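> Sequence and predicted structure are below.
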Amino acid sequence: MPAITRLCVVTAFLCIALPSGLHGQSRPESQPISVTIDTRDPGTPFPHFWEQIFGSGRAILSLRQSYRDDLRTVKALTDFEAVRFHGIFMDDVGLYDPNAQTQNPGQAAQNAPPGQSPYNFSYIDQIYDGLLANHIHPFVELSFMPKKMASDPAALHAFWYKQNVSPPKDYALWDAMITAFTQHLIDRYGIEEVSRWPFEVWNEPNLDFWAGNPKQSTYFELYDHTALAIKKVSTRIRVGGPSTAQAAWVAAFLQHCKQNNIPVDFVTTHVYANDTAKDVFGSDEIIPRDRMVCRSVAKVHDEITASPFPKTPLIFSEYNASYANEPDVTDTVYMGPWLASTISQCDGLTESMSYWSFSDVFEEQGVIKTPFYGGFGLVAEDGIPKPALNAFAMLHQLGDHRIKVNSDSALATHRNDGAIAIALWNYAPPFGTGATYAPPPINIGPSKTFTLKLIGARPNAAVQIWRLDADHGNVIKTYDAMGRPAFPTRDQIAQLRAAGKPSAPKTAALSNGSLTVTIPPQGLVLIKLSSQVVAQ
C-alpha cells in the first residue's frame, strides 16, 4: 500500500499517418522509427502477468455497490482473476470478538463449544461471496490486528480508518484465529477453490504498517506462526511474504525460512515508480519513473535466483506509477505509455503483478473530495473511466506470444485467434508531479513516427487502430473544460462517463506491407491485423 508516511488504438491512410492533436496544438516530430515485425515468428510465451491481480480499498468496501460496479467494469475489460485488499481482520469486518463468549479467550479460541466462539464470519462470507459471484478469486492478505488481540491497542496507523498495526498480545490467540479462519474458508468454499487463493502475511512490515520492534525479526515471527498454522489446516494452501514496500527484505526472508524450516510458496513485495533509488537500491542514482518498477522487479528476481529457494514464484502484490496522489500521473494519459513500457521491461521476471488499484472506492486518505485527485484506481468516483482503464483495455488485446522487435517502444504479439496485436507508444514524463494538477504545457515535446514493416502479412491488409492520447479516451480534457468541479452535477457526471470511454478503432491499410503511425507525447496505440490478413 502506498504509505502516506513514506516521504510524510487513429485515422490513417496508406503510409500516411494523421497525428492526433493535443487541445489543437501542433507538435514537432522526431526522426521516424523503423520497426520490423516478422509475423511468421511464433514468438515466446507472454502471459498477461500485469492484469491477473488488482488491488483495492480495504476489505469492508467490497460490500458497497459502487465497488462491485467498478469490479465488474474492470473485469469486463481485463478479465482479471483476483483482487487483493487490506484489513480482512479489522474490527469493521467483525471477525474477532472474545466478548462474544464467556470462557477464557485463549481457551475459547481453540476449544469453544457451539454458540461460544469468538469468531463471526458473517461479513467475511459476504465479502468473499461477492468476489466469487463476479468470477474473481481472493488474494488473501492477512491483516490487520483486531484491537482486542493487539499487544498495543493504541498502535494505530495514520490512515483515515486507523488500523491497528501491532503484533498480537498472545500468539496463541493469533494462531487460533488463523486456524479457524482457514478452516472456515475450506468448509465454505472447498479446498479445490481455496487452494487457488494466495495467502499473504501482512502488508509492508518494513514501514509503519508494522509496529513490532525490531521490525524484521518480529515480522518473521508473525510469518512463522501464520504459515505453520495455515499448513496445519491444509498443506495445499499457498502462503507467502514478506509483502514489503520498496522491494525489501526478500533475501533475508528466504534465508530465514530455509534456516527455520518455515514453508514459503511464493514471494511478495511492492514497488512504485516514484520510489527512490536510495530506498530500493541503497544508491544515490536517479532512476526515471519509467524504469524504476522493472529495475526493482529484476533485483528481486535475481535475489530469489540466488536464494535457497531459487524457483520460488515472485508476485509484486503492489505496483503503480506513483505511491502518492499525483493527478498529472495516475489520472492522465501518461499511464498508457508508462504501463506499456513497464510491461515490456518486466516480461519474464515475475509470475504476476498486482496494480494498485482497480477503483477509487478507496479511503486511505479519507472520503474522496473530488473525482480527479490522483487516486490510484482505474475508475474514478461515480464510475468515471480514467485513461489508465483504457490503457489496460487496449493492452488486454495483446496476444499470449511475444514477437521480437527492434524497438523499446513497441510490443508485437500473436493472439490465440491468429491475429497480430502490436502496441506502440511515445513515453514522455508527467507534465507535473505532486498533489497539484498542472495542465499540459504549450510545448509538450515531439511526436514519434513509427514505420512498421510487417513481414509475412498480406501487402495491403486492413488493420484496426486504437488510440489513447490527449484527444482519445481522455476524460481529463473534458474535466478541464468544465473547470474541474470538485462535485460535478449528475449531468456533468454523465458527460464525464461518456468522455472517458475508449475511442472507437479506426480502419487503415498496409501499403506494400508497411504502415506509418504518428503518436503524440504520452500516446499509446494498439494495432491489430486479423488472422485472415496474415499470410500462412
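Thanks, I have the structure now.

> Nearest residue to the most centrally placed residue in the chain in space, please, no chain neighbours.
The residue lying closest to the centre of the chain (Cα atoms, centre = their mean) is Y355, at 0.4 Å. Once flanking residues are discounted, Y355 sits nearest to F54: 5.4 Å by Cβ to Cβ, 6 or more residues apart in numbering. Glycine gets a C-beta too; all of them are placed from N, C-alpha and C.

> Contacts for the helix or strand hosting that neighbour, please.
Under the criterion DSSP states H and E, the helix or strand holding F54 is strand 53-55. Outside strand 53-55, the residues that touch it by Cβ atoms under 8 Å, 6 or more residues apart in numbering are 1, 74, 80-85, 139, 315, 317-318, 352-358, 376, 378.

> Direction included, what does that strand pair against?
strand 82-85 (parallel), strand 352-355 (parallel) (DSSP bridges).

> and the last one, average pLDDT?
Per-residue pLDDT values across strand 352-355 average out to 98.

> And it, how far out from the chain middle?
5 Å (Cα atoms, centre = their mean, to the nearest Å).

> Show me the contact partners of that strand.
Against strand 352-355 from outside (Cβ under 8 Å, 6+ apart): 49-55, 82, 84, 139, 297, 315-320, 346, 378, 392.

> Helices - which of those residues land there?
Of the contacts of strand 352-355, the ones assigned to helices by DSSP state H are 297, 346, 392.

> mind checking the SS state of Y223?
helix (DSSP: H, G, I helix; E, B strand; the rest coil).

> mind checking pLDDT for it?
With respect to pLDDT, Y223 has a value of 98.

> which other residues reach stretch 333-341?
Applying Cβ under 8 Å, 6+ apart, the contact partners of stretch 333-341 are 50, 273, 289-290, 321, 328-329, 386-388, 390-392, 394-395, 408-409, 411, 423, 425-431, 468-470, 473-474, 476, 522-524.

> Please indicate which of the residues you listed are buried?
Burial by neighbour count, judged by 16 or more other Cβ atoms under 10 Å, picks out 50, 273, 289-290, 321, 328-329, 386-388, 390-392, 394-395, 409, 411, 423, 425-431, 468-470, 473-474, 476, 522-524 from the contacts of stretch 333-341.

> Of those residues, which belong to strands?
Using DSSP state E, the members of the buried ones among the contacts of stretch 333-341 that fall in strands are 411, 423, 425-426, 468, 523-524.

> could you point out where the protein is predicted with low confidence?
Residues of the chain that meet the criterion pLDDT under 70 lie in 1-30, 101-115, 532-536.

> where exactly do the helices run in it?
Under DSSP H, the chain gives helices at 65-78, 105-111, 122-133, 171-189, 191-194, 215-233, 250-259, 277-281, 292-305, 335-346, 387-395, 475-481, 490-499.

> highest average neighbour count across those helices?
For the helices of the chain, average neighbour numbers computed from mean count of other Cβ atoms under 10 Å are highest in helix 387-395, which has a mean of 26.

> okay, the angle between that helix and helix 335-346?
Between the axes of helix 387-395 and helix 335-346, defined by axes from the mean of the first three to the mean of the last three Cα atoms, to 10 degrees, the angle is 50 degrees.

> just to revisit the earlier point, distance to T449 added to the helices of the chain, as TSV?
Shown next, in TSV, are the helices of the chain (distance: least, Cβ to Cβ, whole Å):
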stretch	distance to T449
helix 65-78	29
helix 105-111	66
helix 122-133	44
helix 171-189	53
helix 191-194	50
helix 215-233	51
helix 250-259	42
helix 277-281	33
helix 292-305	26
helix 335-346	15
helix 387-395	20
helix 475-481	23
helix 490-499	27
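
> Among these, which comes closest to A150?
Comparison of those against A150 by Cβ to Cβ identifies helix 171-189 as nearest, at 10.1 Å.

> Enumerate every residue touching G513.
Taking Cβ under 8 Å, 6+ apart, we find G513 in contact with 453-455, 457-459.

> quick one: the closest residue to A252 other than its chain neighbours from A82, how far?
In space, and not counting its chain neighbours, A252 is closest to Q216: 6.7 Å by Cβ to Cβ, 6+ apart. Using Cβ to Cβ, to the nearest Å, Q216 is found at 28 Å from A82.

> got it, and A470?
With Cβ to Cβ as the criterion, A470 and A82 are 33 Å apart.

> swap in E363?
From E363 to A82 the distance is 21 Å (Cβ to Cβ).

> Give me the more crowded residue out of these two.
Each of E363 and A82 has its neighbours counted (other Cβ atoms under 10 Å); A82 has more, 18 against 15.
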